[in-house]
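1. here's my sequence, what's the structure:
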Amino acid sequence: MYDVSVPYSIIHASDKRIHYVLRWYTRQPIEIQIEAHKLASDLYYQYRHKYPQAKNEVRYATFILALIKMSDLDSVTTRKVTDHDLEKVRKTTEFIMDRFLAKRKARTRRQKHSKKKDQLMDAWPEIKLLRKKGASWRAVSEFLRSKRRINVHWTYIQKIAKHLD
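-> From the prediction side, this is the model:
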C-alpha cells in the first residue's frame, strides 16, 4: 500500500492547507494548471532520489508542494516582505505578472461574442450614412428596428460608434 508519511515529510503542511490549495488549483485557468504540473515535475526530480521506493507518494507530494508555492505567490503582495533580495523580488514579480496575464487571457477567451454588435457591424454603412444626413441616435435606432429588424437601444449604438472612432 502507500506510505502516507512520505508526503507529509516532503510537504510539511496540514490537511486543511492541502485541501485549500487543491480547491485553489481548481479555480485557476488551464495555463496556471499546466504551470503547476510543470513545477511539480521539476520538484519531483529533486525528491525522487530521497524516496526511491515511494514514487507515487513523491509525485503526489511534489504536486501539492508546487500548489502551495504557487498559491503563496498569489498572496505575496498582501504580506509584508522582510526579504530585500532584489533578484528574488524581481523573480517573484515576474511570476505574479505572468500569472496575472494568463488569468486575463483566459478571462477574455471566455467572453461571449455579441450578436447585437455583429448585427450593428453589418448595418454600419447605413448607420454612418444616416448620421451624415443628421439623424439622431434615436432615429438610427428606430430605423434599425423598423427596416432591419434589429432591436437595439440608441445608447448602445452610440457606444459602439465611440469605440469605432
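2. residue contacts, the residue lying farthest from the centre of the chain?
-> Within the chain, the residue lying farthest from the chain centre (CA atoms, centre = their mean) is Lys133, at 45.1 Å. Counting by CB atoms under 8 Å, 6 or more residues apart in numbering, Lys133 makes contact with nothing. For every residue, glycine as well, the C-beta is placed using N, CA and C.
3. give me the neighbour count for Val58.
-> Residues lying near Val58 (other CB atoms under 10 Å) number 23.
4. next, the buried residues of the helix or strand hosting it.
-> Using DSSP states H and E, the element containing Val58 is helix 55-74. By neighbour count with 16 or more other CB atoms under 10 Å, helix 55-74 contains the buried residues 57-68, 70-71, 74.
5. mind giving me the packing neighbours of that helix?
-> helix 5-11, helix 15-26, helix 30-47, helix 86-110 (3 or more CB pairs under 8 Å, 6 or more residues apart in numbering; DSSP states H and E).
6. comparing those helices, which comes out most buried?
-> helix 5-11 (a mean of 18; mean count of other CB atoms under 10 Å).
7. show residues contacting it.
-> Contacts of helix 5-11 (CB under 8 Å, 6+ apart): Ile18, Tyr47, Tyr51, Ala54, Glu57, Val58, Tyr60, Ala61, Thr62, Ile64, Leu65, Ile68.
8. quick one: which of those residues is nearest Ile96?
-> Nearest to Ile96, judged by CB to CB, of these is Ile68 at 16.0 Å.
9. is it true that Gln158 touches Trp137?
-> Yes: Gln158 lies in contact with Trp137 (CB atoms under 8 Å); the separation is 4.8 Å.
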